[in-house]
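**Student:** Here you go, sequence then predicted model.
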Amino acid sequence: MTNEVEKYNNEFEELEAIILNSKQKVWQKVNYEYIYLNWAVGCYVAAKLENAQWGEKVVSNFSLFLKQRNPQLKGFDKRSIYRMVQFFNTYFNTEFAVAMQPQLPENENKQVVAALQPQLHQTEIQEFNNPILKLLAASRVRTL
């Protein structure tokens, strides 16, 4: 049996590399989505709090609302939601973007692509192709 394995060793190593590479990409995508979720929730809540449309009680009520409607969802208690707001505020400032510039992708003119998107309207949350979030996701890759 070992002779059979050794006979195809190179091919098996190529297949193994394909599998491991794909698994790493899957975890990067999962991490990106998880980071984006935290960032988007933080963005939405921060905008509501900043415009005085929501107060601390509304955040608590939202947490209870989720717990009642979706008891399987974890990580959305009041404290966690405020951490998401903190996360959004931390990674949506120009100082962070300037510090990250050496690691951000460049466009065809060798210019660093803008890391920050324009400020969102209160009700407008959409997925970004945000290099900062991608970089954060890539740095948190777990192995399977």
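**Tutor:** That came through, no problem. Numbers count the residues shown, from 1 in each chain.

**Student:** any idea of the pLDDT on Val45?
**Tutor:** Confidence per residue is given as pLDDT, and for Val45 that number is 94.

**Student:** and if you look at Val98?
**Tutor:** 52.

**Student:** same deal with Asn10?
**Tutor:** 90.

**Student:** what about it, distance to Glu16?
**Tutor:** As for Asn10, its distance to Glu16 is 11 Å (criterion: Cβ to Cβ, to the nearest Å). Glycine gets a C-beta too; all of them are placed from N, C-alpha and C.

**Student:** Which elements pack onto the helix or strand harbouring Ala46?
**Tutor:** Under the assignment given by DSSP states H and E, the secondary-structure element containing Ala46 is helix 9-50. Contact here means 3 or more Cβ pairs under 8 Å, 6 or more residues apart in numbering; DSSP states H and E; on that basis helix 9-50 packs against helix 56-69, helix 78-90, helix 131-139.

**Student:** please redo it, this time with the cut-off set to 6 Å
**Tutor:** Packed against helix 9-50, as judged by 3 or more Cβ pairs under 6 Å, 6 or more residues apart in numbering; DSSP states H and E, are the following elements: helix 78-90, helix 131-139.

**Student:** what's next to the first one, contact-wise?
**Tutor:** The set of residues that contact helix 78-90 without belonging to it, under Cβ atoms under 6 Å, 6 or more residues apart in numbering, is Asn38, Trp39, Val41, Gly42, Cys43, Val45, Ala46, Val59, Ser60, Ser63.

**Student:** For Asn10, grab the count of nearby residues.
**Tutor:** Close neighbours of Asn10, defined as other Cβ atoms under 10 Å, add up to 9.

**Student:** mind listing what it touches?
**Tutor:** Shown in contact with Asn10 (Cβ under 6 Å, 6+ apart): no residues.
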